[in-house]
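Peer 1: This is the structure alone, sequence omitted:
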């Protein structure tokens, strides 16, 4: 169908798409029925977005993406403007305490999602132009762009998105060959920044504590962690069966978004949950193969950035759901 | 640069695999190792428990006769959040249950996870159960319940008490032993979503309920039944305000029977006055005993050797003056010269004034306290009174004198029965008890057994022996004659006490009583009967209550397999009383040898020898009665 040779990658994406649609259906049907009197409501949306995604993928696969390179800074500037606009009450909308949404008709979108892509594009452009990165001053420009983007995201605030975005850029810079000592600095500064951010918002601290022992505050900060564990553990090896989740029956908050993996693990057991993690692992592996095969330097960085963005997001989400990371609100 | 970049990608790749691996490991850990532990907690979250009533332990008498048990039943329970149309459901339920619509509506609209419909929807009839099943109402459940049943209805009602809507003990033994009788409730666990709707993803589960233990009483249903019957008859005949009785084994303190009239049916306790329910008269009612108390002062005097009952005499001139107060004998002009034994027989109040003087205030006081008066007996029942007794510093000669013949002191029947038992059993005051044992509900293994408990020895064995002798004389020759039974040696004493109200004696209101001990040479039972304000009679304990006690004992003693005796202290007879004599054996005698001073003979059949007779030898018959003899030709050896 597609001219691109990587059939394996396509197969993995298709599997993830199908699992995604089925999982969203099962995890959301109870809520959808209650809110919209239509158990397929969220599934339909997922099908529409997936279809759009597949179409875009099809088009992009025939398109020389490197032609978009010259629009990168315009796109980035546009995103920065959106990021400012979203902070203005009346233009942006607040959800779960963050001013990160635009609401256009029935469609909600976060400008930060586009900003992530735009930042990757401009950073890829910068990195591909640099001959060598020996000193920190070689990446001052990239650091400036990151600081601007991260700062705007934190004004919403959306800590999770900010961390994912920065992590993706850090991966790109590491691959670009920055001396590891700077990376060590980055880690140190980053850690201090994270500690500072955690201290600045009490809810983050309580989430950290709840992560250490969710049962210490079962109705407060530990609530989501516990509800997630109550979904995963009873699933056992074989799972409770498709559609048979108990926790999606209004016990686990966000069963079809942040915590969908918990519901998958509950219904499909370790067999299903482990399989899904494995498929993500394969996606990661195939992504790396693509990176190695891409000749164009700019495109290589684009692929690294997008893969990093995606995989980091997957890993953080899965780790939060199974209780390896504290809950951050990373989607 | 390319080389370096390649290596760094490799590191990132392995770091990625490591993280994916960690996620899989954590998933494995949660879904296998932790599955049971967290799964259990999750189940607690998902399920709502509908209680399954535990079977309450039965209450049985000393011979395993059942006095109270549980009948399985069904009750309604609702989950308000599952009822879509509250009005329709309330209407249907109120129609089926014949209950108020508003009450039902309020209950099923409560914001609770589960709601019992008590008492409207409790213990359904089969028709109601079927109707609810057929109505198929959402959110309405039928759960297993139990209903307490008292097969003998009025029998022993104040002692047993009753249970409330949740089968919890509310009065009597049901209350006192609630924890032991209660079983552990089970539950039906039904999975719900977080909004309270029933879902069938997880299977419903049961936790079975455990039965409560069996409570075995010292009560003997046969003896209880006899006394209940006689007091019921007395209630009809004499129409007293109330009547009560206790039968006790004097050698252990075990209560064999405890009766309180008026009574109630614990199956239908709502229909009765709360005072009737709560007042277990033998332990609750505190009153002046009258002459029955003379047993106590007499025993004290014997034990202190201040009287020689057979050889010493006292002259009853009809009164005694104590501290200026004139204490009269009940018989105008007094009983004249009498031995102290006759003082007791005749129930001579002036005689007891003399006894109180000989004892002295403090000694008498100490004996009264030692016999347990003024303190609760600690019987294992709720609602016991302690009675009222003077404190020593407030006791003058006059109080001592009246106490000696049973006035100015207030006591309960159980105190008196325990004390009198002590006078005849060798001198030991036992703590009375009504719970014999606690048994396992299935195996009947004894989990706990109540042992007789001696509080103290009050009088010596020798004094006790003298007391038995004296009490037999009272029944054979004195005021207790109406309780005399041919063939059984009975001891006892009657009592007639004027009722006091607000510190003054009431005209023509008496508590009549009799306390009996049988058989007197080896006491097995102490029976006390009292009647409060009987009408239609001459108000003396001897004429009214003693015959009731006699009727009871006539049935009780053969049941207890107490052998009849051929020699007993003969009764004295009033002019209008016909004497009874024992029938001799005539079987085997030749016709010519048949002879009797007291009876006539009727011969049946033909022959030279008696082969059978009616009545049989050893029974008593009134003088002049006929004995039927059957004749044959064989000489029976």
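Peer 2: That came through, no problem. It should be emphasised that the depicted structure is a prediction, and the values quoted were computed from it without experimental measurement. Numbers count the residues shown, from 1 in each chain, chains lettered A, B, ... in the order given.
Peer 1: right, and the helix or strand after the longest strand anywhere in chain B?
Peer 2: Using DSSP state E, we find that the single longest strand of chain B is strand B:504-518. Where DSSP states H and E defines the elements, the next helix or strand beyond strand B:504-518 is strand B:525-532.
Peer 1: Go through the helix or strand just after that following strand and flag the buried ones.
Peer 2: Scanning forward in sequence from strand B:525-532 by DSSP H and E, the next helix or strand is helix B:541-559. Judged by neighbour count (16 or more other C-beta atoms under 10 Å in any protein chain shown), helix B:541-559 contains these buried residues: B:541-557. Just so you know, the C-beta spots here come from the backbone N, C-alpha and C atoms, and that holds for glycine as well.
Peer 1: is chain B contacted by stretch A:7-21?
Peer 2: No: under the criterion of C-beta under 8 Å from any C-beta of the partner chain, stretch A:7-21 makes no contact with chain B; the nearest approach is 13.6 Å.
Peer 1: which residues touch that stretch?
Peer 2: Contacts with stretch A:7-21, where a contact means C-beta atoms under 8 Å, 6 or more residues apart in numbering or on different chains, come from A:2, A:4, A:43, A:46-47, A:50, A:53-54, A:57, A:264, A:276, A:279-280, A:282-283, A:286-287, A:290.
Peer 1: For the longest strand of chain B, buried residues please.
Peer 2: Those would be B:509-518, for strand B:504-518 by 16+ other C-beta under 10 Å.
Peer 1: What of stretch A:20-38?
Peer 2: Buried residues in stretch A:20-38 (16+ other C-beta under 10 Å): A:20-32.
Peer 1: Please name the residues that touch the closest residue in space to residue B:101 that isn't next to it in sequence.
Peer 2: Counting by C-beta to C-beta, 6 or more residues apart in numbering or on different chains, residue B:101 lies nearest to residue B:94, which is 4.3 Å off, once chain neighbours are set aside. Residue B:94 makes contacts with B:100-101, B:103-104, B:120, as judged by C-beta under 8 Å, 6+ apart.
Peer 1: Tell me who's in contact with residue B:39.
Peer 2: A:233-234, A:236.
Peer 1: filter those residues down to the ones near chain B?
Peer 2: Among the contacts of residue B:39, chain B is touched by A:233-234, A:236 when using C-beta under 8 Å from any C-beta.
Peer 1: near chain B, which residues of the stretch 1-150 of chain A?
Peer 2: Going by C-beta under 8 Å from any C-beta, the residues of the stretch 1-150 of chain A near chain B are A:30, A:132.
Peer 1: in the stretch 1-150 of chain A, what spans have low per-residue confidence?
Peer 2: Applying pLDDT under 70 to the stretch 1-150 of chain A flags residues A:1-5.
Peer 1: mind running it again at 80?
Peer 2: Along the stretch 1-150 of chain A, the model assigns pLDDT under 80 to residues A:1-6, A:95-97, A:105-106, A:131-136.
Peer 1: where do the strands sit along it?
Peer 2: A:92-95, A:98-104, A:107-109 (DSSP state E, counting those that start in this stretch).
Peer 1: Ok, which of these comes nearest residue B:52?
Peer 2: Nearest of those to residue B:52, taken as C-beta to C-beta: strand A:92-95 at 46.3 Å.
Peer 1: List the buried residues of the helix or strand containing residue B:94.
Peer 2: If you go by DSSP H and E, residue B:94 is part of helix B:86-97. Buried residues in helix B:86-97, counted by 16+ other C-beta under 10 Å: B:86, B:89-90, B:92-94, B:96-97.
Peer 1: Span of stretch B:304-321 from start to end?
Peer 2: 24 Å (C-alpha to C-alpha, to the nearest Å).
Peer 1: Could you pull out the buried residues of it?
Peer 2: B:304, B:306-307, B:309, B:314, B:316, B:318-320.
Peer 1: What of stretch A:271-278?
Peer 2: Buried residues in stretch A:271-278 (16+ other C-beta under 10 Å): A:272-277.
Peer 1: Confirm that residue B:189 lies within a strand, as I assumed.
Peer 2: Yes: under DSSP: H, G, I helix; E, B strand; the rest coil, residue B:189 falls within a strand.
Peer 1: So what's the residue count around the nearest residue to it once chain neighbours are set aside?
Peer 2: Nearest non-adjacent residue to residue B:189, counting by C-beta to C-beta, 6+ apart: residue B:47, 4.0 Å away. Residue B:47 is flanked by 18 other residues according to other C-beta atoms under 10 Å in any protein chain shown.
Peer 1: surely residue B:47 meets residue B:190?
Peer 2: Yes: counting by C-beta atoms under 8 Å, residue B:47 does reach residue B:190; the two are 6.3 Å apart.
Peer 1: Check which element follows the helix holding residue B:94 along the chain.
Peer 2: helix B:101-108.
Peer 1: the inter-axis angle of that next one versus helix B:86-97?
Peer 2: Angle of helix B:101-108 versus helix B:86-97, following axes from the mean of the first three to the mean of the last three C-alpha atoms, to 10 degrees, is 120 degrees.
Peer 1: packing partners for the helix or strand just after helix B:101-108?
Peer 2: Once the chain leaves helix B:101-108, the next helix or strand it forms, by DSSP H and E, is strand B:115-116. Secondary-structure packing of strand B:115-116 (3 or more C-beta pairs under 8 Å, 6 or more residues apart in numbering or on different chains; DSSP states H and E): strand B:66-78.
Peer 1: buried sites along the strand it packs on?
Peer 2: Buried residues in strand B:66-78, counted by 16+ other C-beta under 10 Å: B:67-70, B:73-78.
Peer 1: So for it, mean pLDDT?
Peer 2: Strand B:66-78 shows a mean pLDDT of 86.
Peer 1: Compute the inter-axis angle for it and helix B:101-108.
Peer 2: Using the same axes, to 10 degrees: strand B:66-78 against helix B:101-108 is 80 degrees.
Peer 1: Could you name the helices and strands sitting against strand B:66-78?
Peer 2: Packing partners of strand B:66-78 (3+ C-beta pairs under 8 Å, 6+ apart): strand B:59-60, helix B:86-97, strand B:115-116, strand B:140-149.
Peer 1: The host helix or strand of residue B:8 and chain A in contact?
Peer 2: Assigned by DSSP H and E, residue B:8 falls within helix B:2-28. Yes: using C-beta under 8 Å from any C-beta, helix B:2-28 comes into contact with chain A via B:4-6, B:8-9, B:12-13, B:16-17, B:19-20, B:22-24, B:26-28.
Peer 1: so who does the closest residue to residue B:115 other than its chain neighbours touch?
Peer 2: In this structure, residue B:115 finds its nearest non-sequential neighbour in residue B:78, 5.1 Å apart by C-beta to C-beta, 6+ apart. Contacts for residue B:78 were tallied using C-beta under 8 Å, 6+ apart; they are B:89, B:107-108, B:114-115, B:117, B:139-141.
Peer 1: Residue B:331 too?
Peer 2: Contacts of residue B:331 (C-beta under 8 Å, 6+ apart): B:318, B:346, B:348.
Peer 1: tell me the SS of it?
Peer 2: Once three-state DSSP is applied, residue B:331 turns out coil.
Peer 1: Let me see the backbone angles for it.
Peer 2: Dihedral pair for residue B:331: phi -100, psi 120, per degrees, to the nearest 10.
Peer 1: now residue A:106
Peer 2: According to degrees, to the nearest 10, residue A:106 has phi -80, psi -10.
Peer 1: Tell me, how many residues neighbour it?
Peer 2: 6.
Peer 1: same check, this time on residue B:582
Peer 2: 15.
Peer 1: ok, the closest residue in space to it that isn't next to it in sequence to residue B:581 distance?
Peer 2: Nearest residue to residue B:582, sequence neighbours excluded (C-beta to C-beta, 6+ apart): residue B:620, at 5.5 Å. From residue B:620 across to residue B:581, the span is 7 Å (C-beta to C-beta, to the nearest Å).
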